[in-house]
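Colleague: Pasted the sequence and its predicted model underneath.
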Amino acid sequence: MLLNLHCLFFLRSFFLILNKKPSPVDMLKGTEVSLECEISGTPPFDITWYKDRRQIRSSKKYKVTAKNYHTSVHILNVEAADVGEYQCKAQNDVGSDTCFCTVKLKAICLHLSFSLVCLEPPSFEKTPEPLDVLPGTSITFTGVIRGTPPFKVNWFRGANELLPGDKCNIYLEDSVVELELFDVSPLQSGEYTCQVTNDAGRASCTTHLIVKGL
């Protein structure tokens, strides 16, 4: 029997039963949220949770559970780095199904000089697409962000921060962030991360570059 996922996303004391991609879940920084799915189909099931296409496993940040026809991921102490798209994928011997949920942070409001100032943490409206190119090509990763400026943008290849120079350039204009790489080689293949910070928090997303060999 082909399985189907019916997603229940619990927020405090109420829940929504969703068969399609739900509206974003807006959370306050420092709170907790559980994303849950119910499964119909023939067990056994192979269940995997992802955030921004990267697999989630139980840790100090996440508690992943899967029992019978129910699976969930509990996010502890929500912060800007937890903003993004969450995906639950379930498989059995005859098929698979997936559901999605987007988690966002609510704006932070501060009392400053007798006025109320609301700061929205950064988040990605559009994440940079992975690229597969030939050597010698110049490429650009492009993302679209939202939040309260000013922003600080950092790009990383793996754990190493990239600095503007002969090999690359970093751009930030309005809500668009870009990383341009010049004359790429196969040695530059790998995982690239964009990190955006403002006074209310931080968000990051990851993409990939594949440079084919000659």
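Modeller: Perfect, thanks for sending it.
Colleague: Can you report how many residues lie near Glu125?
Modeller: 10 (other Cβ atoms under 10 Å). Yep, even glycine has a C-beta here, placed from its N, CA and C like the rest.
Colleague: Whichever strand or helix holds it packs against which elements?
Modeller: Here Glu125, judged by DSSP states H and E, is contained in strand 123-126. Strand 123-126 sits against strand 139-146, strand 201-211, with contacts defined as 3 or more Cβ pairs under 8 Å, 6 or more residues apart in numbering; DSSP states H and E.
Colleague: any idea of the mean pLDDT in stretch 52-68?
Modeller: When pLDDT is averaged along stretch 52-68, the result is 89.
Colleague: and that stretch, which residues are buried?
Modeller: Asp52, Ile56, Lys61, Val64, Ala66 (16 or more other Cβ atoms under 10 Å).
Colleague: what about the helices in this structure?
Modeller: Counting by DSSP state H, the chain forms no helices at all.
Colleague: Show me the shaky parts of it.
Modeller: 1-29, 107-117, 214 (pLDDT under 70).
Colleague: where's Cys168 relative to Gln55, distance?
Modeller: In this view, Cys168 and Gln55 are 28 Å apart by Cβ to Cβ, to the nearest Å.
Colleague: now do Asn77
Modeller: In terms of Cβ to Cβ, Asn77 sits 20 Å off from Gln55.
Colleague: can you check Pro43 too?
Modeller: From Pro43 across to Gln55, the span is 21 Å (Cβ to Cβ).
Colleague: Ok, Tyr192 next?
Modeller: 18 Å.
Colleague: burial of Ile47, as a residue count?
Modeller: 20.
Colleague: Can you tell me how far it is from Gln91?
Modeller: 8 Å.
Colleague: With Cys118 instead?
Modeller: For Cys118, the distance to Gln91 equals 43 Å [Cβ to Cβ].
Colleague: and the two? which has more neighbours close in?
Modeller: Gln91 (16 against 11).
Colleague: how about the nearest residue to the more buried one, chain neighbours excluded?
Modeller: Excluding the flanking residues, the one nearest Gln91 by Cβ to Cβ, 6 or more residues apart in numbering is Asp46, at 4.5 Å.
Colleague: Return the residues in contact with the one you found.
Modeller: Contacts for Asp46 (Cβ atoms under 8 Å, 6 or more residues apart in numbering) come out as Ala90, Gln91, Asn92.
Colleague: Show me which of those residues is closest to Leu134.
Modeller: Gln91 (34.5 Å; Cβ to Cβ).
Colleague: Is the closest one in contact with Pro43, as I believe?
Modeller: No: using Cβ atoms under 8 Å, Gln91 is not in contact with Pro43, being 11.1 Å away.
Colleague: Neighbours of Leu105, how many?
Modeller: Leu105 has 24 nearby residues by other Cβ under 10 Å.
Colleague: Okay then, goodbye and thanks.
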